[in-house]
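Student: No letters, just coordinates:
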């Protein structure tokens, strides 16, 4: 197990370094490491060092790659939690309505052009985040009104109905403001382009806090996979813990979606891979899902910006094209092994 | 022991169980029988502390309602439900170890006592050879033994069994019942089980209550039940005649 974990961490670091190096200008890994060390700890670079590479790596590629990695990590750890809390291997944070809520917030900001002075460039992500969290809160609140025990099936159903309901408003807003239609649609398909260190600095601490909370409740998550009744009978305060974990999931997914747009599939796939390669225990599944999700998102972003360079593909299209067959493969293999 | 007095419970202010009373002493197995929709599952949900109730449920002189913490309830009562498939591939050992949840603090780590109890029941229920196997790879009989071990290591006063032998073949049904009866006698605790199969219920229980429309229509010795007329009325068929007809098929 330890060897596999070390291997996964090493692979993640290699993927980050190579993704930072690959682009219109190739920068070798040792140069990247030198730039990172120079920026973090000071010290001198060799005299003949290409100065352009410093700004390419430090200002453009590294924040983009890290944002992609952290977004993948956030969505995947949330995916693992949602699947266990809802006892459904096909559930994802998007099942709860986060993405639809965030899309509505983003559509309102993009169509109206409003900007909150304190938030400046972060008006759109902040409004998206608030709408995303409110959507989940309302969906779970509605579920708890319909079903006092807050059973998984009720949450999934209300989340999906809520998502579709909100998506109706997004379509209306996009349809009414024809000149902003394209921008709204482009935002929805997801991109890490032109996102600087500011985004990374916000997402990273939120991700760390979120993962810490998930790991803290990993025992409860293990037990919840056996269903609400069984979990309660084993001493888990199911309703309270479900509420807490779903709200943390909503915040973490909301921040990610608001920064990068709606990028599906990775949140669904990474936890399955983590369980298959490691274990179903959540103190392992959550950090490993985060690492695998981070790697997959980084590779998806790399492909989206290099396959049709200089034009960029929407990241969600790449994740769907890789994710769908991969998902079928995993399920097919599982059925065959039975 | 558990003492239930004038219990009524249900959903959305509508009582499914109406004013029932019964008790189960330590060292006893009590079977709950009744047709579909009679209220057996609702009764179990109330006994597990999952739904609110009127009346009294006392476990060794403690009123269930007065225990506010779910962890504390689980030290009194364990629940084992009918066989259901799990997608999540925990090992047999890890699945059993989850039964120690209510006895542990934050950031779960097993104490020496925990490990000792887990090892004891792994051995007792013949799970040693499959202890590292994933529960997704087990047969129905093996899986129910794992869940039974998990209920045992909770060290509860009472175990509630909700149709635990469903989907198991006859050998595993009897094997499971033997393990339960042995535990009841050895630990001097009590078990209440819901069964659909009357023969199996007879093999399991010392006492039986028969429920129909949320009320107890029979309460007493299990042997007395099958010779009473009440069971025929409750199920709407002549059960004795049906059983004897079936038994005659086994005669040469």
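Tutor: Yep, it's here. Bear in mind the structure is a predicted one, so any value in this text is a computation, not a measurement.
Student: need the helices for the stretch 151-300 of chain A, in chain order.
Tutor: A:152-176, A:178-189, A:197-216, A:218-224, A:228-233, A:238-260, A:266-277, A:282-306 (DSSP state H, counting those that start in this stretch).
Student: so which of those helices gets nearest chain B?
Tutor: helix A:228-233 (3.5 Å; CB to the nearest CB). Quick note: C-beta positions are derived from backbone N, CA and C, even for glycine.
Student: Which single residue in the stretch 51-200 of chain A comes nearest to chain B?
Tutor: residue A:89 (4.9 Å).
Student: where does that residue fall, phi/psi-wise?
Tutor: phi -70, psi -10 (degrees, to the nearest 10).
Student: So the closest residue to it other than its chain neighbours versus residue B:186, what's the distance?
Tutor: Nearest non-adjacent residue to residue A:89, counting by CB to CB, 6 or more residues apart in numbering or on different chains: residue B:87, 4.9 Å away. The gap separating residue B:87 from residue B:186 is 35 Å, by CB to CB, to the nearest Å.
Student: higher neighbour count, those two?
Tutor: Neighbour count, other CB atoms under 10 Å in any protein chain shown: between residue B:87 and residue B:186, residue B:87 has more, with 16 against 10.
Student: Flag every residue of chain B that's near chain A.
Tutor: B:45, B:48-50, B:70-75, B:77-79, B:81, B:84, B:86-91, B:94, B:98-99, B:101-102, B:106-108, B:150, B:154, B:160 (CB under 8 Å from any CB of the partner chain).
Student: ok, of those residues, which come out buried?
Tutor: B:45, B:48-50, B:70, B:73-75, B:77-79, B:81, B:86-91, B:94, B:98-99, B:101-102, B:108, B:150, B:154, B:160 (16 or more other CB atoms under 10 Å in any protein chain shown).
Student: got the helices of the stretch 151-300 of chain A as a markdown table, with mean pLDDT columns?
Tutor: A markdown table is the format used below for these (pLDDT from 0 to 100):
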| stretch | mean pLDDT |
| --- | --- |
| helix A:152-176 | 87 |
| helix A:178-189 | 81 |
| helix A:197-216 | 93 |
| helix A:218-224 | 93 |
| helix A:228-233 | 88 |
| helix A:238-260 | 89 |
| helix A:266-277 | 90 |
| helix A:282-306 | 95 |
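Student: Of all the ones you listed, which one comes closest to residue A:27?
Tutor: Nearest of the helices of the stretch 151-300 of chain A to residue A:27, taken as CB to CB: helix A:282-306 at 13.6 Å.
Student: per-residue confidence for residue 7?
Tutor: This is for chain A. The confidence metric pLDDT takes the value 95 at residue A:7.
Student: My question was about chain B, not that one.
Tutor: At residue B:7, the model reports a pLDDT of 95.
Student: center of the chain, which residue is that?
Tutor: You didn't pick a chain, so chain A it is. Centrality entry for chain A: nearest residue to the mean C-alpha point is residue A:75, 2.6 Å, by CA atoms, centre = their mean.
Student: switch to chain B, that's the one I care about
Tutor: Geometric middle of chain B (CA atoms, centre = their mean) lands on residue B:161, at 1.4 Å.
Student: Which strand or helix spans that residue?
Tutor: Residue B:161 is located in strand B:158-162, with elements delineated by DSSP states H and E.
Student: Over to residue B:219?
Tutor: strand B:215-221.
Student: Same question for the following helix or strand past that strand: list its buried residues.
Tutor: Downstream of strand B:215-221, the next assigned helix or strand under DSSP H and E is helix B:222-227. Neighbour counts over helix B:222-227 (16+ other CB under 10 Å) mark B:222, B:225, B:226 as buried.
Student: for the residues you listed, which one is nearest residue B:2?
Tutor: Closest to residue B:2, out of all of the buried residues of helix B:222-227 and judged by CB to CB, is residue B:222, at 17.5 Å.
Student: Check the closest one and give its pLDDT.
Tutor: 82.
Student: so what's it up against?
Tutor: B:31, B:201, B:202, B:205, B:206, B:207, B:208 (CB atoms under 8 Å, 6 or more residues apart in numbering or on different chains).
Student: Could I get the residues you listed in TSV, plus columns for distance to residue B:17, secondary structure and neighbour count?
Tutor: Shown next, in TSV, are the contacts of residue B:222 (distance: CB to CB, whole Å; DSSP: H, G, I helix; E, B strand; the rest coil; neighbours: other CB atoms under 10 Å in any protein chain shown):
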residue	distance to residue B:17	secondary structure	neighbour count
B:31	17	strand	24
B:201	19	helix	22
B:202	24	helix	16
B:205	20	coil	26
B:206	22	coil	17
B:207	18	strand	19
B:208	17	strand	27
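Student: Show me which of those is closest to chain A.
Tutor: Using CB to the nearest CB, the contacts of residue B:222 come closest to chain A at residue B:31, 19.5 Å.
Student: who's that closest one bridged to?
Tutor: residue B:193, residue B:208 (DSSP bridges).
Student: what about residue A:70, helix or strand, and which?
Tutor: helix A:62-85.
Student: and whatever helix or strand comes next after that helix with helix A:62-85, angle?
Tutor: The helix or strand immediately downstream of helix A:62-85 is helix A:98-112, counting by DSSP H and E. Taking axes from the mean of the first three to the mean of the last three CA atoms, to 10 degrees, one finds that helix A:98-112 is oriented at 140 degrees with respect to helix A:62-85.
Student: Next, the angle from helix A:98-112 to helix A:178-189.
Tutor: Using the same axes, to 10 degrees: helix A:98-112 against helix A:178-189 is 150 degrees.
Student: list the buried ones in helix A:98-112?
Tutor: A:98-111.
Student: helix, strand or coil for residue B:78?
Tutor: strand (DSSP: H, G, I helix; E, B strand; the rest coil).
Student: And it, how close does it get to residue B:226?
Tutor: Applying CB to CB to residue B:78 and residue B:226 gives a distance of 29 Å.
Student: can you give me the mean pLDDT across the helix holding residue A:70?
Tutor: 95.
Student: Determine the set of other helices and strands touching that helix.
Tutor: Contacts defined by 3 or more CB pairs under 8 Å, 6 or more residues apart in numbering or on different chains; DSSP states H and E place helix A:62-85 against helix A:2-21, helix A:197-216, helix A:218-224, helix A:238-260, helix A:266-277, helix A:282-306.
Student: Right, I'll call it a day here.
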